[in-house]
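**Q** A structural model of the following input is requested.
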Amino acid sequence: MITLASIIERFGADYLAQYPQCASHVQRQALTAMQRCRTTLAPRMLAQCTDCGDQKMVPHSCGHRNCPHCQAHESQSWIERQTTRLVPSNYFLLTFTLPSELRTLVWQHQRVAYTALMDCAWQTLRVFSANHKQLQGTPGAMAVLHTHSRQLEFHPHVHVLMPAAALDANKGLWRSMRRSNKGGDYLFSHKALAKVFRAKFLAALREQGLTPPANLPQVWVVDCKRVGSGHKAIIYLGRYLYRGVIQEKDILRCDGNNVTYRWRDSKTKRLTTRTVS
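**A** A predicted model of the protein is given here:
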């Protein structure tokens, strides 16, 4: 198996020298941590077998949330915590995606843009839930920010897991949507969600003094899928929340100039390889 640490060791310094403006301080810290993870560069600890008493010096894990070696326990703990918060209702996974024309601006102002993305997605769902004739209340939701596609391109979007239910705190009522003739597969109109989200996000950028590009599309994308009890969706989100964006088993080749990895196409469900310099 080709480790991520070996790739960082081989290419990291040259990459940072060639693209000094591309890596933030936080990203440089991540590279340093993952390069040392479980290697001779890491601090070492004394481990002892509880049965035979045999002792061995073992290199530390880095513990960074993006390291593919680390955070398995934290990921499982997060999944278990969120599972206990599920309510008895149909759940929907909504994905709010920013158009490609905004990616340069978002990359340059990540803290502001990501905050706006999360806030505007949530505010949009609150408005729709409050105005829905069956819900008429405040929904609960959990949201996870993703900044990449499966192909590992920069692709900022947020996943929101939300039940088809809401709380009317003023009247002390808990309301769930009745199943429709379509089997409960419908929550809100994705076209209407996208229209409101677009307006809120652009307004949020302008409030922060940022000017969106003039070539923005009028139609944005919000996806809405029914995901049953929500448990499988939590597992999906938990796997991406920790342990980085790529598993080391998917790194196939590494030579003097290129790295080849595989990824699963979301449309065809097939594994596809890609080689990058």
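
**Q** can you give me the buried ones in the longest strand anywhere in the chain?
**A** Longest strand in the chain, counting residues (DSSP state E): strand 154-163. By neighbour count on 16 or more other C-beta atoms under 10 Å, the buried set for strand 154-163 is 156, 157, 158, 159, 160, 161, 162, 163. C-beta: built from backbone N, CA, C; applies to glycine.

**Q** with stretch 1-13 instead?
**A** The neighbour-count check on stretch 1-13 (16+ other C-beta under 10 Å) flags 2, 3, 4, 5, 7, 8, 11, 12 as buried.

**Q** out of those, who's nearest residue 146?
**A** Proximity of these to residue 146 (C-beta to C-beta) peaks at residue 4, which lies at 18.9 Å.

**Q** surely the closest one meets residue 247?
**A** No - using C-beta atoms under 8 Å, residue 4 is not in contact with residue 247, being 9.5 Å away.

**Q** now the common contact residues for the two.
**A** residue 68 (C-beta atoms under 8 Å, 6 or more residues apart in numbering).

**Q** re earlier: want to try JSON lines for the buried residues of strand 154-163, with pLDDT and distance to residue 53 as columns?
**A** Output for the buried residues of strand 154-163, formatted as JSON lines (pLDDT from 0 to 100; distance: C-beta to C-beta, whole Å):
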{"residue": "156", "pLDDT": "95", "distance to residue 53": "52"}
{"residue": "157", "pLDDT": "96", "distance to residue 53": "52"}
{"residue": "158", "pLDDT": "97", "distance to residue 53": "51"}
{"residue": "159", "pLDDT": "96", "distance to residue 53": "48"}
{"residue": "160", "pLDDT": "96", "distance to residue 53": "51"}
{"residue": "161", "pLDDT": "96", "distance to residue 53": "47"}
{"residue": "162", "pLDDT": "95", "distance to residue 53": "53"}
{"residue": "163", "pLDDT": "94", "distance to residue 53": "52"}
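
**Q** which one of those sits closest to residue 240?
**A** Using C-beta to C-beta, those come closest to residue 240 at residue 159, 8.6 Å.

**Q** quick one: that closest one from residue 118, how far?
**A** Note on residue 159: its distance to residue 118, by C-beta to C-beta, to the nearest Å, is 11 Å.
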